[in-house]
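Participant: Sequence first, then the predicted structure, then my questions.
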Amino acid sequence: MLAQNPPKHFLDLDQFDTDTLRQVLDIGRTYKDQKTAAADRRPLAGKMLAMLFDKPSTRTRVSFEVGMKQLGGDVVILSQRDTQVGRGETIADTARVLSRYVDAIMMRTTSRENLAEMAAYATVPVINGLTDESHPCQLMADVMTFEEHRGPIRGKVVAWSGDGNNMAASWVHAAVRFGFELRLACPKELRPSQELLDWARAQGGKVSLSDDPYAAVAGADCVVTDAWLSMGDEEKGEVNRHNLLAPFRVDERLMAAAKPDAIFMHCLPAHRGEEVTGPVIDGPRSVVWDEAENRLHAQKGILAWCLG
């Protein structure tokens, strides 16, 4: 099936203006709140989503599959074992072929170059389900979750403590596009790229970086972290990374430096006792389960937006 108009990809938050991102979130909230008429709740009937996974997943797979089916569509799921990419076929050729079979493609891959190639040659929308450089679908769910608990995120303070990884990068994109202050606390060896920080500064974003988690968290409305070892990072030196990141663990003492009503967020999976302690992630200030649920609702907004 050939698209008649250029496809509406969802690749990274920095590629959109604020109004468009707000529109996508509004669509997702409408479905979550069931404010649409019954006849409008399955707008993707007859549509097919291909989901490509270079990395295994729990939340990404289930939330996209359930979301697509709740919107009336269906999915086909492909791992590396299920495609010819690992046997020499190019991503460009895979994109061309899949575009004749399905209405949209969700790709969870290692490199953003793979994602960019898929989007360049697909004639249907391509959605970034995660790369080593970013995780925009998660950030849409995170913004939705914050605003459910603490109201508009514009002007608020979010503190990140940990590895300057793909999640940290998407938080930088979100800070600029949604107008909140982001304070990053990372080991000097694991900081986000200077290119990303320069982009945020050039865009007028309020993004700061230090190696002091207590300075970052002081008076924050939200504290965020992520796993110290992402899938595929094992070869980077587990012991050394743990030693570098131990001072950035989110425990009760660090949370006490934030505002009294500050919330805690984590995209999951979590490793209790490493990046976060049990009393924090399982405590009353944690909103991680709402955050996980909102992957479903935010991505329904993305799917509906991409497919019109």
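Facilitator: Arrived safely, thanks for sending. Worth saying up front: this structure is predicted, and the values here are computed from it rather than measured.

Participant: Go through stretch 30-47 and flag the buried ones.
Facilitator: Residues 30-32, 43-44, 47 are the ones in stretch 30-47 that count as buried (16 or more other Cβ atoms under 10 Å). Glycine gets a C-beta too; all of them are placed from N, C-alpha and C.

Participant: any low-confidence regions in this protein?
Facilitator: Within the chain, the segments meeting pLDDT under 70 span 1-4, 36-39, 82, 84-87, 231-237.

Participant: hey, which helix is longest across it?
Facilitator: helix 288-306 (DSSP state H).

Participant: Can you tell me the SS state at M106?
Facilitator: Per DSSP: H, G, I helix; E, B strand; the rest coil, the local secondary structure of M106 is strand.

Participant: Surely it and D54 touch.
Facilitator: No: taking Cβ atoms under 8 Å as the definition, M106 is not a contact partner of D54, at 12.0 Å.

Participant: Those two: which is more packed in?
Facilitator: M106 (29 against 21; other Cβ atoms under 10 Å).

Participant: what's the longest helix of the chain packed up against?
Facilitator: helix 18-32, helix 59-70, strand 126-130, helix 136-150, strand 263-266 (3 or more Cβ pairs under 8 Å, 6 or more residues apart in numbering; DSSP states H and E).

Participant: out of the ones you listed, which comes closest to E89?
Facilitator: strand 126-130 (17.1 Å; Cβ to Cβ).

Participant: possible to save the helices and strands packed on helix 288-306 as TSV with distance to V207?
Facilitator: Output for the helices and strands packed on helix 288-306, formatted as TSV (distance: least, Cβ to Cβ, whole Å):
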stretch	distance to V207
helix 18-32	16
helix 59-70	26
strand 126-130	21
helix 136-150	14
strand 263-266	17
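
Participant: Mean neighbour count, these: which tops it?
Facilitator: Among the helices and strands packed on helix 288-306, the stretch with the highest mean neighbour count (mean count of other Cβ atoms under 10 Å) is strand 126-130, at a mean of 27.

Participant: what's the angle from that one to strand 104-108?
Facilitator: Interaxial angle, strand 126-130 versus strand 104-108 (axes from the mean of the first three to the mean of the last three Cα atoms, to 10 degrees): 20 degrees.

Participant: And strand 126-130, how far out from the chain middle?
Facilitator: Taking Cα atoms, centre = their mean, to the nearest Å, one finds strand 126-130 lying 9 Å from the centre of the chain it belongs to.

Participant: any idea where the helices of this protein begin and end?
Facilitator: Going by DSSP H, the chain shows helices at 18-32, 59-70, 91-101, 112-121, 136-150, 166-178, 194-202, 213-217, 238-245, 252-255, 278-281, 288-306.

Participant: Not counting its neighbours along the chain, what's nearest M140?
Facilitator: Nearest residue to M140, sequence neighbours excluded (Cβ to Cβ, 6 or more residues apart in numbering): A298, at 4.0 Å.

Participant: Contacts only, for that neighbour.
Facilitator: Neighbour list for A298: 24-25, 28, 137, 140-141, 144 [criterion: Cβ atoms under 8 Å, 6 or more residues apart in numbering].

Participant: likewise P7?
Facilitator: For P7, the contact set (Cβ under 8 Å, 6+ apart) comprises 119, 122-126, 306.

Participant: Tabulate those residues in a markdown table, adding columns for distance to Q70.
Facilitator: A markdown table is the format used below for the contacts of P7 (distance: Cβ to Cβ, whole Å):
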| residue | distance to Q70 |
| --- | --- |
| A119 | 25 |
| A122 | 24 |
| T123 | 26 |
| V124 | 20 |
| P125 | 18 |
| V126 | 21 |
| C306 | 16 |
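
Participant: Let me know the closest of these to A92.
Facilitator: Closest to A92, out of all of the contacts of P7 and judged by Cβ to Cβ, is A122, at 9.1 Å.

Participant: doesn't V97 make contact with the closest one?
Facilitator: No: between A122 and V97 there is no contact under Cβ under 8 Å: 9.8 Å.

Participant: Looking at these two, which is more packed in?
Facilitator: Taking neighbours as other Cβ under 10 Å, A122 and V97 compare with A122 leading, 25 against 15.
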